[in-house]
Structure formats: C-alpha cells, structure tokens
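In: Provided below for reference: sequence and predicted model.
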Amino acid sequence: MEKQKFSARVKQAMGEASITNLYQLNGMVPVHKAIPFGLQHILAMFVANIAPILIVGGACGLAASDMAMLIQSAMLIAGIGTLVQLFPIFHKIGSGLPIVMGISFTFVSVLCFIGAQYGYGAIMGAVLIGGIVEGILGLFAKFWIRVIAPIVSASVVTAIGFSLLTVGATSFGGGSGSADFGSAENWILGSVTLLCCILFHIFAKSYFKQLSVLFGLVVGYILAVFMGKVDFSALRETSVIAVPHLMPFRMEFHADAIVSVVLIFLVSATETIGDTSALAASGLDRDVTPQETSGSIACDGFVSSLSSVFGCMPITSFSQNVGLVAMTKVVNRFTIAIGAVIMILAGIFPFFGALLATLPDAVLGGCTIMMFGTIVVSGLQMISKCGFTQRNMIIAALSLSIGLGFTECADLFAIFPRMVQNVFAQNCVAVVFLVSILLNLVLPKNMEAEKVTEQKKKKA
C-alpha cells in the first residue's frame, strides 16, 4: 500500500515537473504533451511561410509543379532553421532561444522585381551571397551591436507589432486578394475562432490554457469545413512522399540584384534583432544577451544561403510566433523542436503540408489578432523599462511616427531611386530602425543633465 502511494506521489511530482518545464527554456516535456504546443506554433505560421513563395513564384511565372516543389522546400528549411536557432551550431550559429523560423515577407517586393527582370535563377544567386553577408555580420555582431541601444530595440519591437496588425486584419477578412474578402462568412469564421481562443484561455485549467490558439484553430477549421470554406481539391494531386530537390534552378549572379538583396538582408537583420529582444523580454522576462543576438542573426544569414541551395527564398524569425510565446509563456526548447520536426515531416511528406495549407485565412486571422497585439504591448513595456527620459521619448516618438506614418504614404518615396523604394517605401520596421539608430547616435547623451542645468540657471 505504501509502495503504491509512494509511486503515485512520484508520478504526480514528475507530471508537475513536466508541466513546469513548459515555462522553462531547458528541460524535458513528454512528447504527448509537447506535440500540441509544437503543432500550435506550426499552424500559426504555416500560411505566412508559404505565401511569399506563391507571390514571388507567380511574379516569375513558375509552373505549378515548381511552386509545389518550393513549398515543400520551404517547410523543410523552416524546420531546419528552427532547430538551428534552438540548438546553436558551434555555440555561434543560432540563439538558443525558442525562435521559430520561416520564409521572410521582407524580401517579396525586391525579389519580384529581380525575378521579373532576370528570372528566378538570379534570385537564388543573390540570396546565396546576401545570406553569407548577413551570417558573417552576425558572427561579428559584438563589434557593432553596441550602436543598437535598448530604446532602439524597443522601438523596433513596437514597430513590428504595429506592422503585423494589418497582416492579422487582412487574414481575418479572408486573405489579400480573395474574392470574398470581408464577407459575412469570413467575419463569422474569424469572430468564432477569436471567441473560442478567449473563452478557452479563460476557462481551461492548468497548462491547457496555453493551447487556446490551437483550440481556436481546430474549432474554426471544423466550422469552415461545414460552411464549405475548405478546399480539399489540391490534396488529390499531392504525392504522399517526395525528396526535396537540390539546386532545382541554375543560379545567376547579377551585381545590382546582389546589392539590392544584401540591403534587404540588413533590414531583415534589424527585424531579427527586434524579434530576439522581444522574445527574451516577453517570454523569459530578461534582456537578450549579445551572444544570443549574434547567433540569431548568423542563423538568419547562413540558413538563408542553405535555403537558396534548395531553390527557396530567405528565412527569418517569425514575429507571429514571438507573439504566441509572449501570450502563452511556453518557451521550452524541446517543445518548439517538436514543431520543427513537424515542419520537416511536412517537407518530406507533401500531403501533410498540403493538408495544413487548407486552413482558411479567416480562421488564422481570428487567432493572430490577439497575438500581434501582444507584441505591441511587449514593445511598449520595453520602452517603459528604458525609462521615459526626454532623449528616449524623442527617439521612440519620432522613429515610430516617421516609420509608421511615412510607409502608409508610399508615394512619399517616389523621388528616391528604385532600390531605396524597395527597401523603405513599404517597410516600416526598416524606417523605424534607421531613424532610431540615427537619433541615438546624434542626440546628446546628457540631455537630461543639460535640461536641469538650464532650469537652475533660469531660477538663479
């Protein structure tokens, strides 16, 4: 009897420890408990991971078979990139943080331009070189990371959150370019999904609360099936298993294309810095370390170069998954690694990936709205931690107003060369980063002291 009681207490203690480990960076979590959290991350980013491929591939006139092959490669590369972030190579490439990687939207505009001018092979050549440049910059980040003060990172994180609100709203309406955008059906799907997420988070017990996004996605998906909003036709032509292709396109190297892509890689690096800072602040309640930032940037670059070998576009950290971590506080690396394995399986078994791709945009939008709002709040909290000094207020206020305001009026950049327009015209994060960096370098460090001295002089 005593042995049974002792055994029961041991099992209970182990169960509690595994639940606690969900909120710890390291530690093992039973696979059956880790799978739902890993799947939740994949569902949150799946559509956004393949959308850049569809847009750029369409602009380059790729065949449907080529597009299917690239989607397969995108899932494989996203899984590999996530594993590298979780478990750094040589303690240099990768952050060791629960960052989920995916194909970057930041490059879509410039890659569409390059693809239309030179063809898809030129995109691959430029990505190969650009990725190596960013990777090397990441390895030597300790020599230049000092110019990125905490208020700069906080402003960039806030900008990332605000920039994603439109993405969430667009998904809620049915997806950009959809024939029934903003229809009653999409409103119903998005609203029901969002409501299910909120109610599940309120009423669920223990660690199940953190599966609110997965619950909302499942309920929304089932409702979409009954409403006839899920298209299964693509599954009929999808093979069960396929081997990813190496070098499916012959690489071409054009100087202007390479320069343009390298500039966008610098922008992508700023987003990665912001994502890494936001994840450490919101998920781990601490500041990010220089080594983590350096490894995160290096992973972005070198895995992007690997991505080009598979014919795929650049990879970067996904802000929506940072928002998911901020909302659930589930930071366990093993748990996120399960999600990475699921992505790799989706790359090897195209049928599985095609099934995930049937998730309607409106359902995804219902879940992401709250997640993206969480990133905004995290950025504001980071600004608060920096302190509301006169100097910090000027940097945050001016960079955000210029970055968010000017990019809403893209015609403001019409007088600039095409390359500048590609980098800044529709990328508020890049503008916020540039303005905040410049202000941080130009504004006097002792503004508060000067203000106090002037006040004393006036009183005297």
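Out: Structure received.
In: So Gly125 is in contact with Asp256, correct?
Out: No - Gly125 is not in contact with Asp256 according to Cβ atoms under 8 Å; the separation is 11.9 Å. Just so you know, the C-beta spots here come from the backbone N, C-alpha and C atoms, and that holds for glycine as well.
In: Give me the helix or strand of this protein that scores worst on average pLDDT.
Out: Across the helices and strands of the chain, mean confidence by mean pLDDT, DSSP states H and E is lowest for helix 2-21: a mean of 53.
In: Can you point out the buried residues in the very next helix or strand once past that helix?
Out: Sequence order places helix 31-59 as the next helix or strand after helix 2-21, per DSSP states H and E. Buried residues in helix 31-59, counted by 16 or more other Cβ atoms under 10 Å: 33-57, 59.
In: how much does the helix or strand following helix 31-59 deviate in direction from helix 31-59?
Out: Using DSSP H and E, the helix or strand that follows helix 31-59 in sequence is helix 64-86. Counting by axes from the mean of the first three to the mean of the last three Cα atoms, to 10 degrees, helix 64-86 points 130 degrees away from the direction of helix 31-59.
In: So Gly125 and Asp256 - more neighbours on which side?
Out: Gly125 (21 against 14; other Cβ atoms under 10 Å).
In: can you tell me the helix or strand for the more buried one?
Out: For Gly125, the host element (DSSP H and E) is helix 120-139.
In: which element is the closest residue to Phe433 other than its chain neighbours on?
Out: Among residues not flanking Phe433 along the chain, Thr270 sits closest, at 4.0 Å (Cβ to Cβ, 6 or more residues apart in numbering). Using DSSP H and E, Thr270 maps to helix 255-283.
In: Helix, strand, or coil at Thr316?
Out: strand (DSSP: H, G, I helix; E, B strand; the rest coil).
In: Was I right to think it contacts Gly102?
Out: Yes - in terms of Cβ under 8 Å, Thr316 counts as a neighbour of Gly102; the distance is 7.2 Å.
In: Packing partners of whichever strand or helix holds Phe215?
Out: Phe215 is part of helix 212-226, with elements assigned from DSSP H and E. If you count contacts as 3 or more Cβ pairs under 8 Å, 6 or more residues apart in numbering; DSSP states H and E, helix 212-226 packs onto helix 31-59, helix 184-203, helix 319-328, helix 361-386.
In: hmm, 7 Å instead?
Out: If you count contacts as 3 or more Cβ pairs under 7 Å, 6 or more residues apart in numbering; DSSP states H and E, helix 212-226 packs onto helix 31-59, helix 184-203, helix 361-386.
In: so the helix holding Gly125 versus helix 31-59, what angle?
Out: Using the same axes, to 10 degrees: helix 120-139 against helix 31-59 is 130 degrees.
In: could you dump the helices and strands packed on helix 212-226 to TSV with distance to Ser296 and mean pLDDT?
Out: Putting these into TSV (distance: least, Cβ to Cβ, whole Å; pLDDT from 0 to 100) gives the following:
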stretch	distance to Ser296	mean pLDDT
helix 31-59	17	77
helix 184-203	28	89
helix 361-386	16	80
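In: Out of those, which gets nearest to Thr166?
Out: Thr166 lies closest, by Cβ to Cβ, to one member of those: helix 361-386, at 9.1 Å.
In: And the next helix or strand after the closest one, what's buried?
Out: Going down the chain from helix 361-386, the next helix or strand is helix 390-406, by DSSP H and E. Within helix 390-406, the residues that qualify as buried by neighbour count (16+ other Cβ under 10 Å) are 391-392, 395-396, 398-400, 402-404, 406.
In: quick one: which of the residues you listed is nearest to Pro150?
Out: Distances from Pro150 to the buried residues of helix 390-406, taken by Cβ to Cβ, are shortest for Asn392, at 8.9 Å.
In: Kindly tell me how buried Gly96 is, as a neighbour count.
Out: For Gly96, using other Cβ under 10 Å, the count is 18.
In: What separation is there between it and Arg236?
Out: Going from Gly96 to Arg236 by Cβ to Cβ, to the nearest Å gives 42 Å.
In: Repeat that for Gly174.
Out: 24 Å.
In: do the same with Pro444
Out: 66 Å.
In: for Ile77, same thing?
Out: For Ile77 relative to Arg236 (Cβ to Cβ), the value is 26 Å.
In: who has more neighbours, those two?
Out: Ranked by neighbour count (other Cβ under 10 Å), Ile77 and Arg236 place Ile77 first, with 30 against 7.
In: Could you double-check that the more buried one lies in contact with Ile315?
Out: Yes - judged on Cβ atoms under 7 Å, Ile77 makes contact with Ile315 at a distance of 5.8 Å.
In: Now the common contact residues for the two.
Out: Common neighbours of Ile77 and Ile315, using Cβ atoms under 7 Å, 6 or more residues apart in numbering, are 303, 307.
In: Report the separation between the residue nearest in space to the middle of the chain and Phe181.
Out: The centroid of the chain falls nearest to Phe318 when counting by Cα atoms, centre = their mean (1.0 Å). Taking Cβ to Cβ as the measure, Phe318 falls 24 Å from Phe181.
In: same deal with Tyr23?
Out: 38 Å.
In: same check, this time on Val100
Out: 27 Å.
In: got it, and Ala326?
Out: To Phe181, Ala326 is 28 Å away according to Cβ to Cβ.
In: Tell me which of these two has more neighbours.
Out: For Ala326 and Phe181, the more surrounded residue by other Cβ under 10 Å is Ala326, and the numbers stand at 22 against 15.
In: helix, strand or coil for Val420?
Out: Secondary structure, three-state DSSP: Val420 is helix.
In: Which residue is the nearest non-sequential neighbour of it?
Out: Counting by Cβ to Cβ, 6+ apart, the residue nearest Val420 is Phe413, at 6.6 Å.
In: For that neighbour, which residues are in contact?
Out: Contacts of Phe413 by Cβ under 7 Å, 6+ apart are 420-421, 424-425.
In: His245 too?
Out: 69, 310-311.
In: What about the closest residue to Ala59 other than its chain neighbours, how many residues nearby?
Out: In this structure, Ala59 finds its nearest non-sequential neighbour in Cys112, 4.0 Å apart by Cβ to Cβ, 6+ apart. Applying other Cβ under 10 Å, we find 19 other residues in the vicinity of Cys112.
In: same question, Lys205
Out: So Lys205, with other Cβ under 10 Å, has 6 neighbours.
In: State the helix or strand in which Val330 lies.
Out: Going by DSSP H and E, Val330 is not part of any helix or strand.
In: hang on, it packs against Pro36?
Out: No - counting by Cβ under 7 Å, Val330 stays clear of Pro36, with 10.2 Å between them.
In: can you count the residues close to Phe351?
Out: Neighbour tally, Phe351, other Cβ under 10 Å: 13.
In: any idea how far Ala242 is from it?
Out: Counting by Cβ to Cβ - Phe351 and Ala242 are separated by 9 Å.
In: same thing with Met343?
Out: Note on Met343: its distance to Ala242, by Cβ to Cβ, is 15 Å.
In: For the two, indicate the residue with more neighbours.
Out: Met343 (30 against 15).
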